[in-house]
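Enquirer: Output the structure for:
(one chain, ligands or ions: 1)
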Amino acid sequence: MPNPAPLLTAEDLAVGYMNRKTPHPVAGPLRLALWPGELVCLLGPNGAGKSTLLRTLAGLQPPLGGRLDLGGWPLAAMGAPERARQLSIVLTDRVDAGNLAVRELVRLGRHPHTGWLGSLSAHDEARVQAALEATGTEIFADRPVGELSDGERQKVLLARALAQDTPVVLLDEPTAHLDLPNRVALMRLLHQLARTTGKAILLSTHELDLALQAADRVWLLPADGPLRTGTPEDLVLSGAFAAAFAREGLAFDAGTGTFALHAPTGPPVQLVGEGAAAFWTRRALEREGFVPTTGPAALRVTAPAGPDLGPWLSQVPGQAAQSHATIGALLRTMRQVNSNQLVD
Ligand SMILES: Nc1ncnc2c1ncn2[C@@H]1O[C@H](COP(=O)(O)OP(=O)(O)OP(=O)(O)O)[C@@H](O)[C@H]1O
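Expert: This is a model prediction of the structure:
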């Protein structure tokens, strides 16, 4: 990496609020560093302080204590124009853009780079165009921002931040209003941007699955306890990820990388098979309350191998194996077995 110095650092940072001169700490002390070229996801339960931290890192609210440097300089001593050349932030707050057209709003992102007249050069216009294209907002560039859907507006705000073209980009829940394809596309775009431009991109999100896949590093902010940082994989394997969400009653399964939605209520089932069919058979059995295992159990289900869809085989004690054309058909039999066992 050409420049190994972090773009943003914090030492002993305490974030929170001053209400009637009384400090209300939310998180800290925090020791943080954002490096060029990395996508970092800030994760944590509701109320942990993610927005408060992002707003503090952006200089929108003062820290309660500690030191915060941007580009090697104390953030507090920086003027707003210099800060806007170093750091952009996209918040979830509604923007009141009135009748401003999308392209006009994105052009505002260039203001930290223009002279006092604020006129945009050809280079500035090219940056605006590139930001519109990268975010897929060019198709409605001439529409008033006030007429956009929440998801469209979210993408326009990202475009404005990209046009601002700062080394550090902070985003507070940028996927909040997007549908699944757009959420995936956004994470892919941000990851690509970090890699190709060397920007440090930090975003808060509740999209845990996506974050685990896309983030180079995770900042894990639990409701209480210290902030943990590391690659998603290290945080999962160390148990830190599961612990951060355990208080919400969520059980994270490090074996599958998912949160368990269903509590087991039924008997163990030996699941035989590999690949996609076995994976989805496991999911279906878990939804029914069964506990799929690879070891021997009184009930056995065999998932089809290879590209063939079906048949599934089920075998219950004392009976011949039954064949089922679909998982739905298998489940109907398994439900019957389960209720018979409960009656017994
Ligand atoms: N102006 C304020 N004065 C005092 N406390 C505040 C203020 N704004 C937020 N808080 C509190 O700070 C804590 C952290 O809030 P914050 O919005 O940063 O959490 P978050 O992790 O972003 O939550 P979420 O995931 O729900 O968006 C919460 O307990 C919240 O009630």
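Enquirer: OK, contacts around V272?
Expert: Applying Cβ atoms under 8 Å, 6 or more residues apart in numbering to V272 gives the contacts 278, 300-303. The way it works is simple: take the backbone N, C-alpha and C, and place the C-beta from them, glycine included.
Enquirer: how far away is it from T293?
Expert: Note on V272: its distance to T293, by Cβ to Cβ, to the nearest Å, is 10 Å.
Enquirer: Save the contacts of V272 as CSV, and put in secondary structure too.
Expert: Below are the contacts of V272 laid out as CSV (DSSP: H, G, I helix; E, B strand; the rest coil):
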residue, secondary structure
A278, helix
R300, strand
V301, strand
T302, strand
A303, coil
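Enquirer: Go through these and say which is closest to the ligand.
Expert: When the contacts of V272 are compared for distance to the ligand (Cβ to the nearest ligand atom), A278 wins out at 35.6 Å.
Enquirer: Please work out how many residues are found near the closest residue to the closest one other than its chain neighbours.
Expert: Leaving aside its sequence neighbours, A278 sits nearest to A303 (Cβ to Cβ, 6 or more residues apart in numbering; 4.1 Å). Close neighbours of A303, defined as other Cβ atoms under 10 Å, add up to 23.
Enquirer: ok, now G295?
Expert: Using other Cβ under 10 Å, G295 has 6 neighbouring residues.
Enquirer: for it, helix, strand, or coil?
Expert: Put simply, G295 is coil when judged by three-state DSSP.
Enquirer: Report the beta-bridge partner residues of the residue nearest to it when sequence neighbours are not counted.
Expert: Spatial nearest neighbour of G295, chain neighbours left out: Q270 (6.6 Å); criterion: Cβ to Cβ, 6+ apart. Beta-bridge partners of Q270, counted by DSSP bridges, are T293, R300.
Enquirer: where does the stretch 151-300 of the chain have low pLDDT?
Expert: 247-250, 262 (pLDDT under 70).
Enquirer: the strands in it, which residues?
Expert: Assigned by DSSP state E, counting those that start in this stretch, the strands in the stretch 151-300 of the chain fall at 168-172, 200-204, 217-220, 228-230, 251-253, 258-260, 268-272, 291-293, 299-302.
Enquirer: Show the subsequent helix or strand relative to the last one.
Expert: On the C-terminal side of strand 299-302, the nearest following helix or strand under DSSP states H and E is strand 312-315.
Enquirer: Give me the helices and strands touching that next one, please.
Expert: Strand 312-315 is packed against strand 299-302, strand 322-324, helix 327-343, with contacts defined by 3 or more Cβ pairs under 8 Å, 6 or more residues apart in numbering; DSSP states H and E.
Enquirer: on that earlier part again, isn't the residue nearest to G295 right next to L285, touching?
Expert: No - using Cβ atoms under 8 Å, Q270 is not in contact with L285, being 10.6 Å away.
Enquirer: thinking again about what came up before, ok, which of the strands of the stretch 151-300 of the chain comes nearest G328?
Expert: Judged by Cβ to Cβ, the one of these that comes nearest to G328 is strand 299-302, at 13.6 Å.
Enquirer: D150 against H177, yeah?
Expert: Yes - D150 is within contact range of H177, at 3.7 Å (criterion: Cβ under 8 Å).
Enquirer: quick one, which of the helices and strands packed on strand 312-315 is packed in tightest?
Expert: Mean neighbour count (mean count of other Cβ atoms under 10 Å) peaks for strand 299-302 among the helices and strands packed on strand 312-315, with a mean of 22.
Enquirer: How about residues contacting it?
Expert: Counting by Cβ under 8 Å, 6+ apart, 267-273, 281, 285, 290, 292, 312-317, 321, 330, 334, 337 sit against strand 299-302.
Enquirer: Only the buried subset of the residues you listed, as a PyMOL command please.
Expert: Selecting the buried subset of these in PyMOL, with 16 or more other Cβ atoms under 10 Å as the burial test, is done by:
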select buried, resi 269+270+271+273+281+285+290+292+312+313+314+315+316+330+334+337
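Enquirer: Just name whatever secondary elements the helix or strand hosting P81 is in contact with.
Expert: Assessed by DSSP H and E, P81 sits inside helix 80-86. Packed against helix 80-86, as judged by 3+ Cβ pairs under 8 Å, 6+ apart, are no other helices or strands.
Enquirer: How confident was the prediction at the nearest residue to Q129 once chain neighbours are set aside?
Expert: Using Cβ to Cβ, 6+ apart and skipping the chain neighbours, the partner closest in space to Q129 is E138 (7.5 Å). The model reports E138 with a pLDDT of 92.
Enquirer: Please apply the same query to the one 3 residues further on.
Expert: The per-residue pLDDT reported for A141 equals 90.
Enquirer: how much space is there between it and A159?
Expert: According to Cβ to Cβ, A141 stands 9 Å off from A159.
Enquirer: re the thing from before, nearest to E207, of the contacts of V272?
Expert: Using Cβ to Cβ, A278 comes nearest to E207 of the contacts of V272, at 26.6 Å.
Enquirer: Farthest pair within the contacts of V272?
Expert: Most distant of these, by Cβ to Cβ, are A278 and R300, 12.9 Å apart.
Enquirer: How about the residues of the stretch 51-200 of the chain by the ligand?
Expert: Within reach of the ligand by Cβ under 6 Å from any ligand atom, the stretch 51-200 of the chain has these residues: 51-52.
Enquirer: Can you give the contact residues for stretch 333-340?
Expert: With contacts defined as Cβ under 8 Å, 6+ apart, stretch 333-340 is touched by 266-267, 269, 285, 288-290, 299, 301, 314, 316, 322, 324.
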